[in-house]
Structure formats: C-alpha cells, structure tokens
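Participant: Turn this into a structure:
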Amino acid sequence: MMEKNKELAINTIIIFIGKFCTQFVSFLLIPIYTHYLLTADYGYIDLVQTYITLLAPIIILRFDSAIFRFLIDCRKSDDKKSEVISSSFYLILLQIIILIIIFIPISFFIKINYSNAILLNIIFISISSFLLQLTRGIGKNVDYSIGSIISAIITIGLNILLIIKFKYNAASILYASAAANIFCSIYLIIKNKIYKYLSIKKFSIKKLKEMLKYALPMIPDGLSWWIVNVSDRTIITVFINSAANGIYAVSSKFSNILSSIFQIFNMSWQESASIHIKDDDRDLFFTDILNKTYVIFYSCCILILVCMPFVFKFFIGIEYLDAYKYIPVLLLGNLFSAIANVIGGVYIAKKETNKVARTTVMAAIINIAINILMIKIYGLYAAAVSTLLSYIVVAIYRYIDVNKGISMKLNRNLFIITMAIFIFSSIFYYINNLVLNLLNLLIIIIILIILNKNMILIVLRKIRRIKK
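Facilitator: Presented below is the predicted three-dimensional model:
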C-alpha cells in the first residue's frame, strides 16, 4: 500500500510541475484579459475556446485517451508500442485532413470571426493532446511535464506581447495557444523519438478496432462533460448576452483552480488504477485514495473560498466584480466533480468506457434542462447551480454503481461534517464583512490543520530527515 501511494504521489508531483504552468496560465492571464479586452470580446473568445475543447477530442476520436490506456499494457514491448502508435497515428492524420477539407469551404460561406485562428487551434491542440498522452502512456511523465511547461511559457509570452505591446484584439489568445501547442508537439516528437514507432507495416486493423471500442464511448462522455461545463455559457450568451458570459467566465476561472489541480492528480490516478486494478489489496487501495482525495480537495476548495474575499478585487477589473457571487457554488461543483472522477478512474482501469459515457450523458441532460428552465428567472445563478447538480448526480450514481463490484467507501461522517462547515463558511462569504471574513479564515485554517494532521506530520518528519 505504501509503495502504491508513493508511486501515485511521485507521478502526481512530476505531472504537477508541468501542468501547474498550463492549467494556471488562463488564471494568471486574467488581469491582462480583464484590463485590456472588452467584456463582449473576451466573452466571445472564451466561448470559442470552449467549443475548441469540444471539437479537438472529437476530431481525433478520443484516441488521446485510448493511446494512453493501451500503451500502459505494452510498455515493455517496442513492437506492441509501434502497433498501437502507428494504428492510431494514421487514423488521426486522416481525421485532420478531413477537418481541413470541410472547415475551409464552410468558412467562405459562413462568417466566423477569427476563423483561421480557430482552425489552427483545433489542429494543433488535437496533435499536442495526442502526443502528450502518448508520452504518458510510454511512462515518460517528466517529458510530458517539460512539454507542458514549454507550452505555458510560450502562451504567456505571446499573450503579453500581442495584447499589451501590440494592442492586438482577443484573437491573440487563440494565436498564442496554437503556437504554444506547435512547440510542445515538436519537443515531444524529438525528445521521445516518436517517429521511430511509426510504420505502415505495424498498422493493424484489429488493434484499431480494439482502440475504437475503448475510445468511441469517450466521445459522448467528453461531449457530456463539455455540456455540463460549457452549455451554461452558450445559454447565457443566447438568453442574456456575451458580456454576462464574460463575467461568468471570470467566476469559473477562480472556481476552476480546484478543477485544474484535480486534473493533474487524476492523470496519475488513472495510471495507478489501471496498473493495480487486479491487485489483491485493490479495494483497500481504492478506498484509501477516495478518502484522501476528498480531504485534500475539500481543503483546497474551502481554502479558496475563505481567501477569496481578500484577493478577488486585486485580480479583477471593475466591470467583472459581479463574478464574486457565483464562486462558492462553482467551487462546490468542482469538488463533486473530483469525487465523480476519482470513482470514474475505476471505469477507465477496467476499460468500461461505456459506463463513463452513460453517467455523464445523464448529467448533461440535467444540466441543460435546469439551465433552459431557470436562466431567465435566476440569471447566472441558474448556470452555476445546474453545473453543481450535474456533478452531484454523476458522483452519486458512480459511487453506487462502482460499489456493486468493488468496495470503494467514502467516510460518511466526515462528508456530512465537512459539508456543514462549507455551508457556514459560504454564509460568511456572502455577508462579506471584514471581521467575519477574518474570523472565518482563522477557524477554517484550524479545522484544516486538524483534518490534515496525519499528512502534515508525515511532511514534517520528512523535512526533519532531510535536515539531518
């Protein structure tokens, strides 16, 4: 158990070093976007980016997920690696060619703002996503992180150059993203000599079918998660306006700090779950990870909540101050998303992607229904609450379903107590009184120290050993 936890921790740290940069780039660039771009312009680009996150995985038929999972099973055989990589690569290349053939004529007949930048983003995000997951699949997590760091540095540099120096419009965000993904891809190809695994002779229809069986259910899954995360932005734009979407986008940036941190962990968790799914102590290991994950991400969630009253105005332009209202609901939603995805890691390990898709499709339907019915009445609150409820439904359903075959139990008493604490902290958050906020911050810090005391003691022991 200790070795498995250590392995998971090391992989998480390695991935975190790289992903910290890329996942937090959008957050770090918020001051630039909110001070130099109009709300409507930024709202449009944010909406475009959300559609790109939908299209890119579909273009490559979710083979980024498939190649990662299949390469885990053949790390010791170069021949099998070549078969998996070649079979998927040539299919993805064909998909990108088809995209270009379709997109360019459409752009002549339908006016799409920044169409060239959009096409470049879809292509190079698709390629870099495939290469990044390929790199993880062959066990090169350090190279994965370095590629991510390269992407982050270029993204930040070009945004600063184009928006601040040259006063270019919001299309700068898209061009910077495309360039960053190009350089990331070049690094991964050269560093891991990916070209040596490519061979027409190794192309296998049988292997392609196996991978398609795994990957295709991930398309409705990805689409459904996209709907849960993004449909509210589309509905906000249609039923309210782009400026309102810009405000909601800023609110989501803060709450997505938690989601960004979890995505880093989830990448190493899926790898560990896939490797250890057949171990004798599997149930004990999975239960331990679920409870530790909950405690850690709950701690992050409530810490962001109690700190936000003190830092929010320093990051945000005056036109975006309304974003403050929706952060608690979105934070809680991201916590339930973390729970759902930890449990979903079991489905990935067992290659039961059909169950992954089934649960997220259900959540997407709930999200859209609540949004459409309530957005006119409750405005942006309806969008935030619909997202929260969708994540809760997925978490509960997966928890019940997974425990039919695997014992993966969440500590119920801990869950009830921590949820009650979150509700009381949220009340102080909305009152927004300086004295109450300081008191709330102090109380939460004490609670978190108690909640994480075992982990804190382990860290302190290791620091003492290093000093000796």
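
Participant: Helices of the stretch 301-450 of the chain, residue ranges please.
Facilitator: Along the stretch 301-450 of the chain, counting by DSSP state H, counting those that start in this stretch, helices occupy 327-349, 353-378, 380-402, 412-431, 434-451.

Participant: again, but for the stretch 151-300 of the chain
Facilitator: Using DSSP H, counting those that start in this stretch, helices in the stretch 151-300 of the chain cover 171-191, 205-215, 218-239, 242-276, 282-315.

Participant: Out of these, flag the one nearest residue 83.
Facilitator: helix 205-215 (5.4 Å; C-beta to C-beta). Just so you know, the C-beta spots here come from the backbone N, C-alpha and C atoms, and that holds for glycine as well.

Participant: which helices and strands sit right next to the closest one?
Facilitator: Contacts defined by 3 or more C-beta pairs under 8 Å, 6 or more residues apart in numbering; DSSP states H and E place helix 205-215 against helix 63-72, helix 78-109.

Participant: Which among the ones you listed is found nearest to residue 339?
Facilitator: helix 63-72 (20.2 Å).

Participant: distance between the closest one and the chain's centre?
Facilitator: Put simply, helix 63-72 sits 17 Å off its chain's centre (C-alpha atoms, centre = their mean, to the nearest Å).

Participant: Alpha carbons only: can I get it in CSV?
Facilitator: What follows is helix 63-72, C-alpha atoms only, in CSV (Å, rounded to 0.1, in the frame of the first residue of the first chain):
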residue,chain,number,x,y,z
PHE,A,63,-7.7,8.4,-29.3
ASP,A,64,-5.6,10.6,-26.9
SER,A,65,-7.4,8.6,-24.1
ALA,A,66,-7.1,5.3,-25.9
ILE,A,67,-3.4,5.5,-26.7
PHE,A,68,-2.6,6.3,-23.1
ARG,A,69,-4.6,3.4,-21.7
PHE,A,70,-3.3,0.9,-24.3
LEU,A,71,0.3,1.9,-24.1
ILE,A,72,0.2,1.2,-20.3
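
Participant: Could you say which of the helices and strands packed on helix 205-215 is packed most deeply?
Facilitator: Each of the helices and strands packed on helix 205-215 was scored by mean neighbour count; the highest is helix 63-72, a mean of 24, by mean count of other C-beta atoms under 10 Å.

Participant: now what about that helix, what contacts it?
Facilitator: Helix 63-72 has contacts (C-beta atoms under 8 Å, 6 or more residues apart in numbering) with 57, 81, 84-85, 88, 91-92, 129-130, 132-134, 136-138, 210-212, 214-215, 218, 270-271, 274-275, 348, 351.

Participant: same thing but 6 Å
Facilitator: Counting by C-beta atoms under 6 Å, 6 or more residues apart in numbering, helix 63-72 makes contact with 84, 88, 92, 129-130, 133-134, 136-138, 211, 214-215, 218, 274, all of which sit outside it.

Participant: cool, and stretch 395-406?
Facilitator: Contacts of stretch 395-406 with the rest of the structure, by C-beta under 6 Å, 6+ apart, involve 283, 336, 339-340, 343-344, 346, 359, 408.

Participant: mind running it again at 10 Å?
Facilitator: Residues outside stretch 395-406 that contact it (C-beta atoms under 10 Å, 6 or more residues apart in numbering) are 277, 282-283, 286-287, 290, 335-347, 349-350, 352, 355-356, 358-360, 362-363, 408-410.

Participant: can you count the residues close to residue 288?
Facilitator: If you count neighbours by other C-beta atoms under 10 Å, residue 288 ends up with 15.
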